[in-house]
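[1] Need a 3D model of the sequence below.
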Amino acid sequence: MASYKQIAERTGLSFGTISNVLNGKGSVKEENVKKVYEAIEELDYRPNYQAKALASDSAKLLGVIVPSINDVRETEVFSYMEEFARSKGYRIMLSTSHNSAKEEKNQCEIMLSSQVDCLFIMPYSSENKEYFRRLSEQMRDRIIFINRYLEDVDIPFTVVDNDYAAMEMIQYIYKMGHRKVTFLDLKDRGISSVRDRRKGIIRWSAEMNMECEIKEIESTLEDEVMIGYQYAEQAIRNQELPKVILARDDAMAIGVYSACMQYQVSVPETVSIVGFGKYYSDYMTPKKLTTFNRDFKSLLKQATDMFLAITNGETEHIQRKNFIKGYMENGATVQKV
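    Numbering: from 1, shown residues only. Model prediction:
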């Protein structure tokens with residue numbers, strides 16, 4: 001394991017400057033902060049956060065990291081956590097990983113160096129799996145995953161029950177008279193929530209004797225509305241638009257719907273569309289999107305309840321793996337046949 005001395009040798013900075021960066025103290029030039037974290041990455045430096053926590057009183061500080069703030073999901077996390085922190089007398093640090101595994105790790109290091117009482121994080125992907133596995137050994141119960149989890153990493157989490165969601169969506173489509181569904185997905189980024197939902201859709205389609213097609217899109221775009229739009233636009237031009245599209249989330253579903261409106265493809269008469277999440281559907285016009293409501297507030301409450309239980313010394317009694325059931329919301333984008 002690397003030491004302050006090695007970081008100093010690598011960066012040419014003093015011990016004091018390095019300490020200020022790692023402990024979130026003082027005023028340090030941005031270029032020097034960057035040097036320190038690049039050295040940490042290269043040398044695999046790992047501070048003993050647990051020892052720091054034991055040596056100091058609670059900082060009354062919570063950390064929250066999400067992949068981006070480009071859509072309603074992430075801003076909903078920030079809004080809820082800010083309100084929770086204020087109600088319990090905590091300060092809060094909010095940050096994004098900018099859809100980058102490297103930046104996610106950097107933000108974790110910054111927040112943990114600031115001695116947050118708990119770090120709530122929505123992992124960007126599975127790329128930092130080994131990092132979180134090592135961190136969990138030092139920081140057990142001071143990190144909580146939100147909406148996603150990493151397999152074989154012992155960090156408490158609260159997520160949507162995606163197998164249940166898949167069952168509800170497939171059964172709804174079946175009851176509407178359809179016997180084939182196309183699941184519109186992105187190339188796997190290692191996100192547990194989507195992976196579990198995809199597996200569930202395949203499983204429950206088979207259970208209902210429905211044909212299930214997986215349409216996997218490769219895209220460098222982060223805007224899923226645009227990804228959905230571009231897919232549907234191309235499918236319409238090639239006359240390959242499926243009869244029933246089950247999108248991986250509301251954003252992609254709205255992109256598909258927008259392309260249909262642009263090219264005068266009737267919804268739901270020509271194509272039925274189902275979303276997931278209930279975080280964009282209220283903004284869709286003129287027809288309300290049929291979607292699965294993931295009950296995100298209950299999910300976030302479960303995460304903060306876990307934190308409070310841990311803070312009260314009830315570690316042995318907490319449920320470390322929490323699955324929240326949502327429900328279908330009728331809209332006007334699925335045709336009954």
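
[2] CA atoms for contacts and neighbours, from now on please.
    OK.

[3] For Ile40, give me the pLDDT.
    pLDDT, Ile40: 74.

[4] Now it: which helix or strand?
    Here Ile40 sits within helix 30-43, counting by DSSP states H and E.

[5] Which of the residues in that helix are classified as buried?
    Neighbour-count burial for helix 30-43 flags Asn32, Val33, Lys35, Val36, Tyr37, Glu38, Ala39, Ile40 (criterion: 16 or more other CA atoms under 10 Å).

[6] and the residue lying closest to the third one once chain neighbours are set aside, what does it touch?
    Counting by CA to CA, 6 or more residues apart in numbering, Thr11 is the residue found nearest to Lys35 once chain neighbours are left out, at 6.0 Å. Residues counted as contacts of Thr11 (CA atoms under 8 Å, 6 or more residues apart in numbering) are Lys35, Val36, Ala39.

[7] will you turn these into a markdown table that also has distance to Lys199?
    Output for the contacts of Thr11, formatted as a markdown table (distance: CA to CA, whole Å):
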| residue | distance to Lys199 |
| --- | --- |
| Lys35 | 42 |
| Val36 | 41 |
| Ala39 | 40 |
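
[8] Out of those residues, the closest to Cys118 would be?
    Ranked by distance to Cys118 (CA to CA), those are led by Val36 at 23.5 Å.

[9] pretty sure the closest one is touching Lys5, no?
    No: counting by CA atoms under 8 Å, Val36 does not reach Lys5; the two are 11.9 Å apart.

[10] what's next to stretch 219-234, contact-wise?
    The contact list for stretch 219-234 (CA under 8 Å, 6+ apart) reads 186-187, 217, 241, 251-260, 263.

[11] out of those residues, what pair is the most spread apart?
    The most widely separated members of those, counting by CA to CA, are Lys187 and Tyr263 (26.1 Å).

[12] Could I get the full set of helices for the stretch 51-200 of the chain?
    Along the stretch 51-200 of the chain, the segments classed as helices by DSSP state H, counting those that start in this stretch run 72-87, 101-113, 129-138, 162-175, 192-207.

[13] of all the ones you listed, which lies closest to Thr291?
    Minimum separation from Thr291 across the helices of the stretch 51-200 of the chain (CA to CA) falls at helix 162-175, 8.2 Å.

[14] What is that closest one packed up against?
    helix 192-207, strand 327-329 (3 or more CA pairs under 8 Å, 6 or more residues apart in numbering; DSSP states H and E).

[15] so can I have JSON lines of these showing distance to Glu130?
    What follows is the helices and strands packed on helix 162-175, written out as JSON lines (distance: least, CA to CA, whole Å):
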{"stretch": "helix 192-207", "distance to Glu130": "15"}
{"stretch": "strand 327-329", "distance to Glu130": "34"}
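
[16] for Glu216, phi and psi?
    phi -100, psi 120 (degrees, to the nearest 10).

[17] Am I right that it is in contact with Thr182?
    No: Glu216 is beyond contact range of Thr182, at 10.1 Å (criterion: CA under 8 Å).

[18] With neighbour numbers in mind, choose between those two.
    A direct count of neighbours by other CA atoms under 10 Å for Glu216 and Thr182 places Thr182 higher, at 19 against 12.

[19] would you turn the helices of the stretch 51-200 of the chain into TSV with mean pLDDT, distance to Ala235 and mean neighbour count?
    Below are the helices of the stretch 51-200 of the chain laid out as TSV (pLDDT from 0 to 100; distance: least, CA to CA, whole Å; neighbours: other CA atoms under 10 Å):
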stretch	mean pLDDT	distance to Ala235	mean neighbour count
helix 72-87	87	27	16
helix 101-113	87	32	20
helix 129-138	85	36	16
helix 162-175	97	21	21
helix 192-207	93	21	19
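
[20] what's the closest of the ones you listed to Asp152?
    Shortest distance between Asp152 and those, using CA to CA, is found for helix 129-138: 7.8 Å.

[21] could you dump the closest one to CSV, C-alpha only?
    The C-alpha trace of helix 129-138 is given here as CSV (Å, rounded to 0.1, in the frame of the first residue of the first chain):
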residue,chain,number,x,y,z
LYS,A,129,-16.4,-3.5,-8.3
GLU,A,130,-13.0,-4.4,-6.8
TYR,A,131,-12.6,-0.9,-5.4
PHE,A,132,-15.9,-1.1,-3.6
ARG,A,133,-15.1,-4.6,-2.4
ARG,A,134,-11.9,-3.4,-0.7
LEU,A,135,-13.6,-0.3,0.6
SER,A,136,-16.4,-2.3,2.2
GLU,A,137,-13.9,-4.1,4.3
GLN,A,138,-12.8,-0.7,5.9
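
[22] For the spatially most central residue of the chain, what are phi and psi?
    Against the mean C-alpha coordinate of the chain, by CA atoms, centre = their mean, the closest residue is Met122 at 4.4 Å. The phi/psi pair for Met122 (degrees, to the nearest 10) reads phi -100, psi 100.

[23] I'd assumed Gly63 was in contact with it.
    No: taking CA under 8 Å as the definition, Met122 is not a contact partner of Gly63, at 11.4 Å.

[24] Could you report the pLDDT at the residue nearest to Glu168 when sequence neighbours are not counted?
    Excluding the flanking residues, the one nearest Glu168 by CA to CA, 6+ apart is Met328, at 6.8 Å. At Met328, the predicted lDDT confidence score is 96.

[25] next one: the one 4 residues further on
    Ala332 is assigned a pLDDT of 93 by the prediction.
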